[in-house]
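Peer 1: here you go, sequence then predicted model.
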Amino acid sequence: MASTFKCFALSLVALFSIVHAAKFQGYNFYRGNGPVSSGLVTEGATLMLNGKPLRILSGAIHYFRVVPEYWEDRLTKLKAAGLNTVETYVPWNLHEPRPGVFDFDGILDIKNFIETAKRLDLLVIFRPGPYICAEWEFGGLPSWLLTIPGMKVRSNNKPYLDATNRYLENLIPRIADLQFQKNGPIILVQVENEYGAYGNDTVFMDASKQQLVTHGIVETFVTSDGPKDLTTGTATNVWMTVNEKNDMGTHLDTLKSLQPNKPLMVMEYWSGWFDHWNENHHTISLKKFSLELRAILSRNASVNFYVFFGGTNFGFLNGANFALENLSMPYEPTITSYDYDAILSEGGKLTAKWHRTREILQEFGLLADDLPQPPADVPAFAYGQVIFQQWMSLDSLTLGVKGQQMDDPIQMEYIEVFPAVPVTPLVYNTSAGFQSYGYVLYSVDIPNVNSTIVLGELHDRAQVLLDGVQIKLFDYPESENEEHKFDVKYRPGPNEDDPRRLQILVENMGRANYARKDARVDLDTQWKGMHGQVKINSQPLNNWTAYPLEFGKGAASFLTPAFQPYWKQSLVRQRFPRLMQSTLNVSDDQPRDTYLDLTGWGRGVVFINGFNIGRYWPDAGPQQTLYVPGPVLKKGANSVVVFELEKSLGFATFMDVPQLDKLTSGNSPSPSASPVTTQAPPASTPSSTATGLICSFAAFLLCLAIAF
């Protein structure tokens, strides 16, 4: 009964807090037909936009985590839930992949995304970073920053500010005319992101704000931080907001004490949580989610659900964490799925939290008029099994890039990525520049003698191959060691005088997106690959060749005719790592979403029609399936290429349901199940029915108050 009276009390608090509240609407209501008198004003107890009271009811949707064909679907479902605003981060590392080279096309067309929100009558919170965290590779920072002499990221450091200035100089003018005071939907712009957890330099934060102003931002600025970091993460005269999922009432009271004459807002109300490899899938119960949301709304606070829809860390763009919850916690890479147990699932389906969000907004009288019906959830489809009958060796794969010669191994970030020599047109790296993602294959010849080999620093996961056969694995928990040792045995036989080929394949499993200021590892040390002198029997081992296997935008080129001689069809015992290829035949004119189950395989990455859908690692879990968006597929033959590091069943299955919560290793592939359906709220129990009746009565009083 305690929860019953708590619900009743919260509802009564809500009643008295919104008796005089305005009817909340979207962009068109606040914009009106006349001139704009003001942008968002954050003075007093209530937000004002163009002279009208506003309660921000927002949800995070990251345009770069969902294919553009689905932007309108996800935004419409956000609006149908009763929200009037969408929030998005902006990933610098995707928009400026090489210094001075910018990309705003396709899935990166931020202007199109914001214009779609405007057309749907939504307001926009714009969070351009340049650092964004977001469980995203390097927190959205481009890895080439690490190669700039004297660089100190997220600081009042001239090389860093020069780089951020160039980025914002190219980003902001593209969206400047979409600000509210210029007839667009952007009402709020965030300075940096959760800086209080990393530093306390107001000079840096003010410089970051000034760069945004210089390049054209005219709207209200905001910072967002955890409850303990509010005062250290702010900038001069900038509205503070808080991020959390627990004890929201207390945290909002703290925020109110820090800025008593400003409205309250939770910039990130965490609707769920993200997953790392080798840990259980995180969820937040409907009861807990509802309790904290009511606590937020009962204090008349605005709220942004982080996230409303999570989407997918396509490609190699998942992040990682250091010291996430305490200083002893190690490097923890994030999985490909960003389902987050959010209000919409990774595949965009309505969940029980979607229904509950709408119900609670109704309780508080916050649902806008004439909300659209959410687009119908289209069930995913089980396309069935595909057989992998072609394979390509690791040595053949290296023909697609030009190896870089070096005395000692160097970090990934210093390895040049450029096409192979003209006579070998097997090119699949992104473009000229230095490597950011993927793998590096380091290769050297060694004498055929009993040896002890000591490697230097490596990050993050290294497979040691001798004459093409794996003899050692350094998994990512070991990557924090300063040295890595293994033995090589003498090989007798007729070719005993020949040298042996030592290869070390190092995978970048994701640069840290989060590291606290007091952690033992900071963002300036996010090197990947291998570096430092290697010793064999205590003597330097030199003359290495490094092959950057970045698998960038040209990843489909290994399916071109130039590669065909290197694809093999054989049932002989396979060696790994290797590429494997199959074909998925689709008869639909409009292919549907599906989930690729690679249970029984080792670890690797998958390309569908050249599109990198992400990493898999079923033995680690909890993620067992990869989400494949329907628009990535086409009617007819679809290429499925897997870069597998360890083992393969030789087949995989396209299913109609995801599997994101399984840690058990060595499982057989599970059969396809029925299509995903919309999750309705759970059935009521007698006690919950009583609670609901009392809360409904309070809601009835709300309606009377609003009506009169």
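Peer 2: Sure thing, it's come through. Residues are numbered from 1 along each chain as shown.

Peer 1: distance of the nearest residue to residue 46 once chain neighbours are set aside from residue 240?
Peer 2: Using Cβ to Cβ, 6 or more residues apart in numbering and skipping residues adjacent in sequence, the residue nearest residue 46 is residue 53, 4.9 Å away. From N, CA and C alone the C-beta is placed, and that goes for glycine too. Computed with Cβ to Cβ, to the nearest Å, the distance linking residue 53 and residue 240 is 20 Å.

Peer 1: higher neighbour count, these two?
Peer 2: residue 240 (22 against 17; other Cβ atoms under 10 Å).

Peer 1: quick check: that one vs residue 104, distance?
Peer 2: Separation of residue 240 from residue 104 (Cβ to Cβ): 31 Å.

Peer 1: residue contacts, the residue lying closest to residue 123 once chain neighbours are set aside?
Peer 2: Nearest non-adjacent residue to residue 123, counting by Cβ to Cβ, 6+ apart: residue 85, 4.2 Å away. In this structure, residue 85 makes contact with 56-59, 122-125, 187, 304, judged by Cβ atoms under 8 Å, 6 or more residues apart in numbering.

Peer 1: which strand residues bridge residue 85?
Peer 2: Beta-bridge pairing for residue 85 (DSSP bridges): residue 58, residue 123.

Peer 1: quick one, what contacts residue 117?
Peer 2: Neighbour list for residue 117: 75, 86, 123-124, 185 [criterion: Cβ under 8 Å, 6+ apart].

Peer 1: wasn't it part of a strand?
Peer 2: No. Secondary structure of residue 117, determined by DSSP: H, G, I helix; E, B strand; the rest coil: helix, with no strand assignment.

Peer 1: all helices of the stretch 401-550 of the chain, in order?
Peer 2: Across the stretch 401-550 of the chain, reading from the start of the chain, there are no helices by DSSP state H, counting those that start in this stretch.

Peer 1: same question but for the chain, I mixed them up
Peer 2: With DSSP state H as the criterion, the chain has helices at 2-18, 27-31, 71-80, 92-95, 110-119, 158-175, 202-214, 248-258, 286-298, 352-363, 394-397, 686-707.

Peer 1: rank those helices by pLDDT, which is bottom?
Peer 2: Mean pLDDT is lowest for helix 686-707 out of the helices of the chain, coming in at a mean of 38.

Peer 1: shaky segments in this protein?
Peer 2: In the prediction, the chain carries residues with pLDDT under 70 at positions 1-24, 326-328, 418-432, 520, 553-557, 571-573, 664-708.

Peer 1: what's the nearest residue to residue 367 if we skip its chain neighbours?
Peer 2: Using Cβ to Cβ, 6+ apart and skipping the chain neighbours, the partner closest in space to residue 367 is residue 82 (4.6 Å).

Peer 1: list the contacts for the one you found?
Peer 2: Going by Cβ under 8 Å, 6+ apart, residue 82 touches 57, 357-358, 361-362, 366-368, 371.

Peer 1: what count of nearby residues applies to residue 330?
Peer 2: Counted with other Cβ under 10 Å, the neighbours of residue 330 add up to 15.

Peer 1: didn't it look like it was pressed against residue 322?
Peer 2: Yes. Between residue 330 and residue 322 a contact is recorded at 7.4 Å, counting by Cβ atoms under 8 Å.

Peer 1: gap between the residue sitting furthest away from the middle of the chain and residue 488?
Peer 2: Distance to the chain centre peaks in the chain at residue 494, reaching 52.6 Å (criterion: Cα atoms, centre = their mean). Using Cβ to Cβ, residue 494 is found at 19 Å from residue 488.

Peer 1: also residue 456?
Peer 2: From residue 456 over to residue 488 (counting by Cβ to Cβ), the distance is 17 Å.

Peer 1: out of those two, which sits in the busier spot?
Peer 2: The residue with the greater number of neighbours, taking residue 456 and residue 488 and applying other Cβ under 10 Å, is residue 488; the counts read 21 against 15.

Peer 1: nearest residue to residue 314 other than its sequence neighbours?
Peer 2: Leaving aside its sequence neighbours, residue 314 is closest to residue 614 (5.5 Å, by Cβ to Cβ, 6+ apart).
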